[in-house]
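Colleague: Pasting the sequence and the predicted model now:
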Amino acid sequence: MRTLTLSLALFTVHCGAAVRPADSDAGSDTRAPSGACRWTPRAIINVTPRGAGGYRLLDAVDARDRVVVALREPGAATEDPLSLATIRGGEVSTERITAVARAESAFASLVFDPARDVEWALFDAVSSGCSLAQRGPRTPTRSATIDLSALGVGVALSGCRDLAQTADGLSMLTEEQRALWGTQLVAFDARGAVAQATQLPMAASAPNPRTMRSALSDRTFVTLIAAPRQQAPQFELTAQMLDERGIARGSTTSIAASALAPAAPLVVEVGDGLLALWDNAIDTLPPVRSLAVRPLDRAAQPRAPALELTELGMLSGVAHAARRGRSALVTGRFLDGERKQRFFTMDRDGRVEQTPLDLPLPAQGAGVPTSRVVATERGAMVVTEVSVTAAGAEIVAIPIECL
């Protein structure tokens with residue numbers, strides 16, 4: 001373990017609070033079971049201007065009386081702004097945080113701290129660094145740049161991903177760039193000025209895509225790695241439970257095998273257990289994907305066989321899930337006669353609790369959409385891309401009330 005110095009002294013983090021991680025990481029939630037709800041969609045909220053394409057949805061999180069959305073805006077010839085849009089009621093306000101070169105990919109990860117009513121936003125702005133911002137309704141936005149090249153871990157690092165809160169600060173993942181592969185857990189202390197880096201347990205071969213993690217309410221997290229193998233199916237999805245310092249708890253477990261690498265697997269808390277969700281693929285031209293789920297225990301060990309939910313239709317894009325009470329909220333774009341944005345809840349065994357709700361969306365476009373679902377005080381909100389093209393999309397939000 002190495003001690004690192006970062007230029008983030010302008011931040012403070014509340015220590016020891018009962019903190020709910022970002023809904024994208026399936027945070028703690030004690031609300032009533034969602035299976036008892038009569039889900040009712042409300043009017044669509046335009047997060048971006050109607051008819052103005054070129055946007056990209058990066059992440060979303062519930063922040064008590066508001067939902068915060070991280071997005072990439074279409075910008076000038078050389079740069080695109082990376083922004084936070086706040087949805088409060090039916091109103092939307094947008095604040096630009098940083099920018100990314102037009103040729104660069106961009107990712108974002110959001111965390112809400114209910115103890116202080118502030119949001120944390122991590123933007124992977126450029127290959128050599130990233131931007132970390134803190135803000136709240138009564139807190140002006142403060143941001144700083146994390147220079148990955150200055151961390152001094154002995155290897156080049158790329159990407160700032162999967163932000164989460166710890167007992168005394170924050171942590172993120174970043175990837176090693178070298179002959180061998182590896183993932184570093186970088187932790188910021190309560191002052192935001194000092195960090196520690198720990199190499200996480202590695203797969204037998206380079207993961208595809210990058211190592212991902214889902215943060216849990218007890219500040220442990222589960223890493224998910226899809227690693228190629230020699231025989232068919234060609235990819236194996238494994239899960240590993242770790243504590244907030246990156247120390248393994250128990251053994252690595254094989255969750256599933258698939259013909260193609262799952263795009264964005266995740267783990268969500270449901271009741272006293274966990275659910276792993278991923279897009280299972282059949283290697284055809286084009287590939288046929290469906291939503292798969294496997295129940296896990298609290299140690300991320302399988303407790304039942306995997307289920308392939310083909311009755312929902314073919315998966316178009318990547319499904320997303322968040323915890324609400326003793327249920328998991330799930331959304332995704334499916335092909336079932338026509339393209340549909342479906343919302344439904346699942347129990348701890350991966351069973352769909354009610355008939356899926358098909359959300360009324362405007363023109364969906366032909367591209368592959370990104371979607372997020374968050375649990376709110378009144379129910380849920382689905383944020384998704386519509387009018388999708390290769391150049392980007394519009395972004396809309398659909399509140400769904402639990403009646």
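Modeller: Received the coordinates, thanks.
Colleague: Could you tell me which residues make contact with L274?
Modeller: Neighbour list for L274: L216, V222, V267, V268, P295, L296, D297, R298, A300 [criterion: C-beta atoms under 8 Å, 6 or more residues apart in numbering]. Just so you know, the C-beta spots here come from the backbone N, C-alpha and C atoms, and that holds for glycine as well.
Colleague: does it have beta-bridge partners, and which?
Modeller: L274 forms beta bridges with E269, L296, as assigned by DSSP bridges.
Colleague: can you tell me how far it sits from Q234?
Modeller: L274 sits 26 Å away from Q234, going by C-beta to C-beta, to the nearest Å.
Colleague: Which single one of the contacts of L274 is nearest to V92?
Modeller: V268 (26.7 Å; C-beta to C-beta).
Colleague: ok, so what distance separates the closest one from P201?
Modeller: Taking C-beta to C-beta, one finds V268 at 22 Å from P201.
Colleague: the more surrounded of the two?
Modeller: Neighbour count, other C-beta atoms under 10 Å: between V268 and P201, V268 has more, with 27 against 17.
Colleague: What's the per-residue pLDDT of that one here?
Modeller: Note on V268: pLDDT of 97.
Colleague: Based on its surroundings, how many neighbours for T166?
Modeller: Each residue near T166 was counted by other C-beta under 10 Å, and the total is 22.
Colleague: Just to check, it is in contact with R219?
Modeller: Yes: between T166 and R219 there is a contact under C-beta atoms under 8 Å: 6.0 Å.
Colleague: what's the overlap in contacts for those two?
Modeller: In contact with both T166 and R219: E244, using C-beta under 8 Å, 6+ apart.
Colleague: On the C-terminal side of the lowest-mean-pLDDT helix or strand in the chain, identify the next helix or strand.
Modeller: Using mean pLDDT, DSSP states H and E, strand 2-5 stands out as the lowest-scoring helix or strand of the chain, at a mean of 40. Note on strand 2-5: by DSSP states H and E, the next helix or strand toward the C-terminus is strand 39-41.
Colleague: could you give the mean pLDDT of that following strand?
Modeller: The average pLDDT within strand 39-41 is 96.
Colleague: Other residues contacting that strand?
Modeller: Under C-beta under 8 Å, 6+ apart, the answer for strand 39-41 is 343, 345, 354, 357, 359-360, 379-380, 398-403.
Colleague: switch to 7 Å and redo it
Modeller: With contact meaning C-beta atoms under 7 Å, 6 or more residues apart in numbering, strand 39-41 is reached by F343, L357, L359, P360, G379, I398, I400, E401, C402, L403.
Colleague: Just the buried residues of that strand, please?
Modeller: Going by neighbour count (16 or more other C-beta atoms under 10 Å), the buried part of strand 39-41 is W39, P41.
Colleague: now do stretch 251-271
Modeller: Across stretch 251-271, burial judged by 16+ other C-beta under 10 Å covers 252-253, 255-258, 260-263, 265-270.
Colleague: how far out from the middle of the chain is stretch 214-221?
Modeller: 13 Å (C-alpha atoms, centre = their mean, to the nearest Å).
Colleague: what do you get for stretch 262-281?
Modeller: The answer for stretch 262-281 is 11 Å, by C-alpha atoms, centre = their mean.
Colleague: ditto for stretch 235-247
Modeller: Counting by C-alpha atoms, centre = their mean, stretch 235-247 is centred 16 Å from the centre of its parent chain.
Colleague: residues of that stretch that come out buried?
Modeller: F235, E236, L237, T238, A239, Q240, M241, L242, E244, G246.
Colleague: per-residue confidence averaged over the one helix or strand the fifth one maps to?
Modeller: Element membership of A239, judged by DSSP H and E, is strand 235-242. Over the span of strand 235-242, the pLDDT mean works out to 94.
Colleague: Return the list of helices and strands in contact with it.
Modeller: Using 3 or more C-beta pairs under 7 Å, 6 or more residues apart in numbering; DSSP states H and E, the elements in contact with strand 235-242 are strand 221-228, strand 253-258.
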